[in-house]
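*Asks:* prediction below, plus the sequence it came from.
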Amino acid sequence: MRAYERVLEARRDRGSSCETIAKQLDLPSSTVYNWIVGKNSPLGSFVLPTLTPSPSLSYLAGAMLGDGDLVRSASYHYQLRLRVKDRDFAEKVCSCFSSVLGGPRKVRKNGSGFYVVRVWSRMLYEYISDTRAIQKTVDRFPSEFIKGFADAEGSPAISVGQSRKSSLGFYIVMVNTDLGLLKWIKRLMRLRFGIHSRLLEGKMHPSMWGRVPCYYLKIGRREDQLSFANSVGFCIHRKRQKMLIALELLQRLGPLKAGVEWQRIFEKRGRVWVMRDTGRCGAPDEI
C-alpha cells in the first residue's frame, strides 16, 4: 500500500515517467503503469481521479466541504454525496465530478424533491477530507473554491420592513459549524481579492445544527459586496440573481427607493423572497 502511495505522489508532484518511477521504487513497469492509469491498484479495480489543481477540483472541494457528505461504509466503500434543492448546483457539482473522475455522471431527484449526486472514490474521499491536501489547488484557484463553498453555505440576505417605504438592507453571508474553515475563507477573500468580512457566532438551531454552534461569515460593506459579486459570485441562479438585482438597485436608487423597487419586483413567501411575474428578465449581467 505504501508503494502505491509513493507511485501516485511521484507522478503527481514530479510528473515522472512510469519507467523512472518503477526504477526508483524497484517495481515492474507494467505495475506502475496500471496503477497510474487506474486499471487496478492494491485496492482492486477503480477509477483514478485527476487531482492536478484545476478549477473543477477547487469548486468541488469548496462545495463538498460546505454541503457534501463523505460516507465510509463498514465494507470500506467511500462515497461522496451531495443532496440539494437547486438543480443547477447539483449539475455543476456533477460536471466537476465528471471532470475529476472521468466519464459522465448523473443527477437524480429523490422522493423528497432533492437533487442528488453520488460517486464512489477512496482517493477523492481522502483528498477532500484533508484540508492540507487541497491547499495547493485552493491556492491556484481560490475564486472557484470560495464560489463552491458559497453556493453550498452562502446566500444574499435581504431585509425590507413591513412598510412600503422601508429601506433595503443587504449583506452576503456564509454559515457553517467549522470555525477553522470559515477563518480560512475569510483570509482567502481578504488576501486574494481584498474582500473584508466579519466572523460572528450565531445561535444554536436545533433543527439544523443540534448542539453544535454555528458561525456566520458576513460581508456587509458595499464595496466588499461588489468585489465579491465581480471576483467570486454564485453559480446558483436564484442566489446570483438576487445579489445582482439588490446591488444594482442600491447603487442606482439608494436604500430607501431600492426598498420600494425591491418590493415591486419580489414578494415574500414565508421567509423567502420570490420574484413576481413582472416581465423583468432577471439580474443584470454585471455590476
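*Replies:* Perfect, thanks for sending it.
*Asks:* who's in contact with stretch 89-105?
*Replies:* Here stretch 89-105 makes contact (CB atoms under 8 Å, 6 or more residues apart in numbering) with 47, 49-51, 54, 56-57, 59-60, 63-64, 68, 80, 82, 84, 106-107, 115-117, 119, 121, 124, 148, 151-152, 235-236. Every residue, glycine included, has its C-beta placed from N, CA and C.
*Asks:* need the next SSE after the longest helix that the chain contains, C-terminal direction.
*Replies:* Using DSSP state H, we find that the single longest helix of the chain is helix 237-253. Where DSSP states H and E defines the elements, the next helix or strand beyond helix 237-253 is helix 255-265.
*Asks:* other residues contacting stretch 61-70?
*Replies:* Taking CB under 8 Å, 6+ apart as the rule, stretch 61-70 contacts 78-84, 89, 92-93, 96, 125, 128-129, 131, 134, 137-138, 144-153, 176, 178, 181.
*Asks:* and the residues you listed, which of them are in strands?
*Replies:* Tyr78, Gln79, Leu80, Arg81, Leu82, Arg83, Val84, Asn176 (DSSP state E).
*Asks:* most neighbours of all these, which one?
*Replies:* Leu82 (25 neighbours; other CB atoms under 10 Å).
*Asks:* in the protein, where is pLDDT below threshold?
*Replies:* Flagging of the chain using pLDDT under 70 yields the residue ranges 1-16, 25, 31-32, 34-47, 74-76, 162-164, 203-211, 278-287.
*Asks:* so which residues of it form strands?
*Replies:* 68-72, 78-84, 108-109, 115-120, 154-160, 168-176, 198-201, 215-219, 266-269, 272-275.
*Asks:* returning to that earlier point: just the ones in strands among the contacts of stretch 61-70 now: which is nearest Asp26?
*Replies:* Here the nearest of the ones in strands among the contacts of stretch 61-70 to Asp26, counting by CB to CB, is Tyr78; it sits at 29.2 Å.
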